[in-house]
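>>> Model the structure of this input:
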Amino acid sequence: MSDFEESSEDEVGHINSKIFARIFELLKPHWKTVAGFILAIIFVSALDAIFTYLSKQIIDLGINAKNKDELLRIIITYGSYIVVQAIGAFLFIYLVGILGERIRYDLRKQLFNHLQQLSLSYFSKTPVGWIMARVTSDTERVAELTTWGLLDSTWAVVNIFTASYFMFIINWRLAMLVLASLPVMIFLAIKFRTKILYYYRRSRKANSRMTASLNENITGVRVVKALSREEKNLDSFKSLSTEMFHSSYRAAFLSALFLPVVQTISAISLGIILWQGGLQVQSGQITIGGIQAFISYIMFILWPIQDLARVYAEMQNAVASAERIFSLSDTAPDVKNRRSTVELNSLAGDITFERVNFYYEKNDPVIQDLSFTVKHGQNIALVGPTGGGKSTIVNLLCRFYEPKGGVIKIAGRDYMDYKLSDIQSRIGVVLQTPHLFSGSVRDNIRYGKLAASNEEIEQAAKLAGAHDFIEKLEHGYEQNVGEGGNLLSVGQKQLISIARSILANPDIFIMDEATSSVDTLTEALIQRGMDELMRGRTSFLIAHRLSTIKRADVIMVINNGQISEIGSHEDLMRLKGHYYKLYTQQFRQELENEMDPFKDEIKKL
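Numbers count the residues shown, from 1 in each chain. Reported below is the predicted structural model:
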């Protein structure tokens, strides 16, 4: 079930059983720990029941019989059992704490590993806030359910059974009266649980959307302020928050109502038992100690049932979280390896697109019947209007997506015959807005080759033209770049990303609008780094700047997902077609930009 779909109340019971089955699957690797703490709980709970029975004996055999020796013996036994019970209590609390941490670790590790396997399309469609909530808050709730929820439930069930056993020993008629109230409470639990889970689901879905909205507003705060969207965004956030409030309110109301209803039934049952027990004491069918113990055992049953009501209400929230976790873990990647793959030593070879078709949404093709061949070592510039399909071509080449039709071949073989990791590890990509990870400059360059030495890192930086500015930083290569590299300029981040790609030593290099947001001087530095990176490698350049385009061996004009023109700069200029228009328009624009500082002087003349 998708996280954004609503569930009817009728579906809840069926889904619950499947979700609980999957939750308990998480416990299998830790069955020894689970068995240990369950045995400890049974032991401690059984001692609680024995304490009550010993209290009966203290009254009947010690106090009423005025037998000091028997009284002393029972008290000593009582005290020794308390010491033993304390050890058992420490054991099960320690074991459940260990189990909780292991479940959290396993869940977060599994989700993180799964996220690494998912295709780029998943992250394009799924809000970051939604993913973060699954890996953090939802895993926490499921861990609580599988540990403390299991502990409380086990404790309650064991208490009910041990108390019932001793009640039947004391007076089976009164025990039958107590047990008669249990079906009513079970029925109420079933009725309440479906409604509580339904509203908790709606609350969690609203929370996911609210988290996503919050994340987008924080990460895009500059755009929000620049466009004065604060009030509009606040209204949107209020709407999401109100939706979550109403769902949470209904869930909280039902949870709060559940306990008083159970307590009312418990009070009625207790009143009936006290009346009947009092009559039996008068007729000599039960002793004073027996009726005192019996009342204690009634509480042993009624309080755990009330506690189960509380635990169950809390469990519904955890089940809603578990559904979201499993919806994430069940998501299959769109791009995955074939069952049989061949070993790939290098991507050095010709690249061929044979009648390739692709779409992100059906009935909206992005690339149609696209065919071309790139020789090994060629530098290809992809130009054309925005939305024409340039970035899609390189995304397909990187196998972030796969063709919906046709074949892409590398070195004469369908690239789907190779392992996905083998292809992507041999392609270097520098984006228009490069991403740096929190940490030092050195760590970000080393990301291209984790085993690289400091000397290799600095050599890659020199080849990229980044070494000089890095040395001028306050802490040099150890300078912290900030979140996403926001302590550096766009050009500096670009040079570091090129150094990272040089260190990775890819067979194929892709640069997507890498110089569009930098000044002319920085562009020259980046261009020098690009030249070093492209030497002897097949490279694809998506660019608008003339300096980048003219350096390419082959220029392909991409329009509406097809190649409208292909050739060298000189060949395409002679055609005076689409490329010629793009070039002359760009040339005029760049010339105007260069003349901007002199406009006032020209006017004076």
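
>>> elements contacting the one helix or strand Leu107 maps to?
Assessed by DSSP states H and E, Leu107 sits inside helix 68-117. If contacts are counted by 3 or more CB pairs under 8 Å, 6 or more residues apart in numbering; DSSP states H and E, helix 68-117 sits against helix 31-57, helix 139-144, helix 150-170, helix 288-329. All C-beta spots, glycine's among them, are computed from the backbone N, C-alpha and C.

>>> Tell me the gap between it and the middle of its chain.
Relative to the mean C-alpha coordinate of its chain, helix 68-117 is positioned 30 Å out (CA atoms, centre = their mean, to the nearest Å).

>>> from what I can see Ser121 touches Asp334, true?
Yes: look at Ser121 against Asp334 with CB atoms under 8 Å: they come within range, at 5.2 Å.

>>> Which residues are in contact with each of those two?
Common neighbours of Ser121 and Asp334 (criterion: CB atoms under 8 Å, 6 or more residues apart in numbering): Tyr401.

>>> Would you map the strands across the stretch 451-600 of the chain?
Taking DSSP state E, counting those that start in this stretch as the criterion, the stretch 451-600 of the chain carries its strands at 508-512, 538-542, 554-559, 562-567.

>>> export these to a markdown table and tack on mean pLDDT, mean neighbour count and distance to Trp155?
Listed next are the strands of the stretch 451-600 of the chain as a markdown table, based on pLDDT from 0 to 100; neighbours: other CB atoms under 10 Å; distance: least, CB to CB, whole Å:
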| stretch | mean pLDDT | mean neighbour count | distance to Trp155 |
| --- | --- | --- | --- |
| strand 508-512 | 84 | 24 | 59 |
| strand 538-542 | 88 | 25 | 63 |
| strand 554-559 | 90 | 21 | 67 |
| strand 562-567 | 89 | 16 | 69 |
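
>>> Ramachandran angles for Pro333?
phi -70, psi 140 (degrees, to the nearest 10).

>>> if I pick it, what's in contact with it?
Residues counted as contacts of Pro333 (CB under 8 Å, 6+ apart) are Gln117, Leu118, Ser119, Tyr122.

>>> do that again at 7 Å, thanks
For Pro333, the contact set (CB atoms under 7 Å, 6 or more residues apart in numbering) comprises Gln117, Leu118, Ser119.

>>> What is the burial count for the last one?
Around Ser119 there are 18 other residues, counting by other CB atoms under 10 Å.

>>> just to revisit the earlier point, export the strands of the stretch 451-600 of the chain as CSV, with columns for distance to Pro29.
Shown next, in CSV, are these (distance: least, CB to CB, whole Å):
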stretch, distance to Pro29
strand 508-512, 41
strand 538-542, 45
strand 554-559, 51
strand 562-567, 53
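
>>> on that earlier part again, minimum distance to Ile268: which of the helices and strands packed on helix 68-117 has it?
Closest approach to Ile268 among the helices and strands packed on helix 68-117 (CB to CB): helix 288-329, 10.7 Å.

>>> following that closest one, which helix or strand shows up next?
Next in sequence after helix 288-329, counting helices and strands by DSSP H and E, comes strand 351-361.

>>> now the residue of the chain most remote from its centre: how far from Arg201?
For the chain, the largest distance from the centre (CA atoms, centre = their mean) belongs to Lys66, which lies 67.2 Å off. As judged by CB to CB, to the nearest Å, Lys66 and Arg201 stand 63 Å apart.

>>> the inter-axis angle of the helix or strand where Leu257 lies versus helix 150-170?
In this assignment (DSSP H and E), Leu257 forms part of helix 230-282. Interaxial angle of helix 230-282 relative to helix 150-170 (axes from the mean of the first three to the mean of the last three CA atoms, to 10 degrees): 10 degrees.

>>> and the angle from helix 230-282 to helix 288-329?
Going by the same axes, to 10 degrees, helix 230-282 makes 150 degrees with helix 288-329.

>>> what's helix 230-282 packed up against?
The contact analysis (3 or more CB pairs under 7 Å, 6 or more residues apart in numbering; DSSP states H and E) places helix 230-282 against helix 172-179, helix 182-219, helix 288-329.

>>> Pick the most buried one from those.
Of the helices and strands packed on helix 230-282, the one with the most neighbours on average (mean count of other CB atoms under 10 Å) is helix 288-329, at a mean of 21.

>>> Now do that helix: which elements does it pack against?
For helix 288-329, the packing partners by 3+ CB pairs under 7 Å, 6+ apart come out as helix 9-25, helix 31-57, helix 68-117, helix 139-144, helix 150-170, helix 172-179, helix 182-219, helix 230-282.

>>> Relative to Gly406, which of those helices is closest?
Among these, the nearest to Gly406 by CB to CB is helix 68-117 (25.1 Å).

>>> and that closest one with helix 150-170, angle?
150 degrees.

>>> How far does whatever helix or strand comes next after helix 68-117 sit from its chain's centre?
Going down the chain from helix 68-117, the next helix or strand is helix 120-125, by DSSP H and E. Relative to the centre of its chain, helix 120-125 is centred 13 Å away, using CA atoms, centre = their mean.

>>> Neighbouring strands - and their directions - for the helix or strand where Ala381 lies?
Assigned by DSSP H and E, Ala381 belongs to strand 379-383. Its sheet considered, strand 379-383 pairs with strand 538-542 (parallel), strand 554-559 (parallel) by DSSP bridges.

>>> what's in contact with the longest one?
Defining contact as CB under 7 Å, 6+ apart, one finds that strand 554-559 is touched by 372, 378, 380-385, 388-390, 393, 549, 563-569, 572, 578-579.

>>> now with 6 Å?
The contact list for strand 554-559, computed with CB atoms under 6 Å, 6 or more residues apart in numbering, reads 378, 380-384, 388-390, 563-566, 572, 578-579.

>>> Any regions of the stretch 451-600 of the chain where pLDDT drops low?
The stretch 451-600 of the chain contains residues with pLDDT under 70 at 514-523, 525-526, 529, 533, 544-547, 586-600.
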